[in-house]
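# Below: sequence and its predicted model.
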Amino acid sequence: MAMVWLLFHLFLLHLLAPGNANLEGDALYALRRAVKDPDNVLQSWDPTLVDPCTWFHVTCDADNRVTRVDLGSAKLSGNLVPELGKLQRLQYLELYMNKLGGRIPAELGRLKNLVSLDLYHNNLTGPIPPSLSNLSSLRFLRLNGNRLTGRIPRQLTKLGNLKILDASNNDLCGTIPTTGSFSKFTEDSFMNNPRLEGPELMGFVRYDAGSCY
């Protein structure tokens with residue numbers, strides 16, 4: 001009988017303990033609070049529901065962990081939030097063609113399973129976070145059509161799985177790294193950045209040469 005009661009109490013503790021679904025739901029709801037949503041595409045993002053897997057534009061795996069957020073062309077404005085870094089199994093973050101502004105949160109560098117980061121055609125400002133170099137699974141990085149500034153982080157050349165990079169149509173400056181995964185990208189990936197000085201020439205043009213803000 002004592003064993004039965006012990007198992008019963010352990011079961012209750014399991015039910016009452018905050019699970020991953022709650023944490024991920026909180027993270028997504030933080031994004032909802034930070035943006036304006038004129039077409040109510042986030043109306044189903046109800047924080048009173050335990051499982052965000054029931055929300056529109058959210059996809060989960062068999063363990064009810066969020067793997068996709070699909071909000072491209074949703075007319076959203078506002079800022080991205082650092083809480084997105086808590087979506088540990090996220091593979092696709094699709095926020096392209098909105099009116100999102102502010103900086104790209106450095107916390108996105110925690111998304112170790114991320115395959116695709118699509119933030120193109122928004123109003124994002126500030127630098128490309130060097131922390132994105134931690135995304136070892138990343139294959140697609142599209143940041144084009146924003147107002148990003150600063151240097152292209154040399155750390156990004158460590159992304160060995162990166163297949164597509166588009167940082168065009170921003171206000172990036174300095175030289176373009178040419179080592180590692182960047183050796184296969186053409187200048188089209190960086191076009192229409194008036195302050196970029198062109199590819200880094202090893203032994204001739206230093207990566208950190210000149211001022212760049």
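Nice, thanks for sending it over.
# Report the residue spans of this protein with pLDDT below the cut-off.
For the chain, the stretches flagged by pLDDT under 70 are 1-21, 50, 201-211, 213.
# all strands in it, in order from the N-terminus.
35-36, 58-60, 66-70, 77-79, 92-94, 99-102, 116-118, 123-126, 140-142, 147-150, 164-166, 171-176, 195-199 (DSSP state E).
# Mind listing the strands the third one pairs with, and their directions?
Each strand paired with strand 66-70, and its direction, by DSSP bridges: strand 58-60 (antiparallel), strand 92-94 (parallel).
# Tabulate the strands of the chain in TSV, adding columns for distance to residue 48 and mean neighbour count.
C-beta here means a position set from N, CA and C on the backbone, and glycine is covered the same way. TSV is the format used below for those (distance: least, C-beta to C-beta, whole Å; neighbours: other C-beta atoms under 10 Å):
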stretch	distance to residue 48	mean neighbour count
strand 35-36	19	15
strand 58-60	16	18
strand 66-70	18	20
strand 77-79	22	16
strand 92-94	25	18
strand 99-102	26	18
strand 116-118	30	20
strand 123-126	31	16
strand 140-142	34	20
strand 147-150	37	18
strand 164-166	39	18
strand 171-176	42	20
strand 195-199	48	16
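# Could you say which one of these comes nearest to residue 26?
strand 66-70 (11.5 Å; C-beta to C-beta).
# roughly how far out does that closest one sit from the chain middle?
11 Å (C-alpha atoms, centre = their mean, to the nearest Å).
# Out of the strands of the chain, flag the one nearest residue 183.
It is, among the strands of the chain and with distance given as C-beta to C-beta, strand 195-199, at 9.9 Å.
# elements contacting the closest one?
strand 171-176 (3 or more C-beta pairs under 8 Å, 6 or more residues apart in numbering; DSSP states H and E).
# roughly how far is the strand it packs on from the heart of the chain?
21 Å.
# Out of the strands of the chain, flag the one nearest residue 24.
Using C-beta to C-beta, the nearest of the strands of the chain to residue 24 is strand 66-70, at 4.9 Å.
# May I have the beta-bridge partners of residue 35?
residue 78.
# Go ahead and confirm it touches residue 76.
Yes. Applying C-beta atoms under 8 Å, one finds residue 35 in contact with residue 76, separated by 4.6 Å.
# Identify the contacts common to the two.
residue 100 (C-beta atoms under 8 Å, 6 or more residues apart in numbering).
# coming back round to it: would you turn the strands paired with strand 66-70 into a markdown table with distance to residue 135?
As requested, the strands paired with strand 66-70 are exported to a markdown table (distance: least, C-beta to C-beta, whole Å):
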| stretch | distance to residue 135 |
| --- | --- |
| strand 58-60 | 19 |
| strand 92-94 | 10 |
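# Quick one, which of those gets closest to residue 145.
Closest among the strands paired with strand 66-70, using C-beta to C-beta: strand 92-94, at 14.6 Å.
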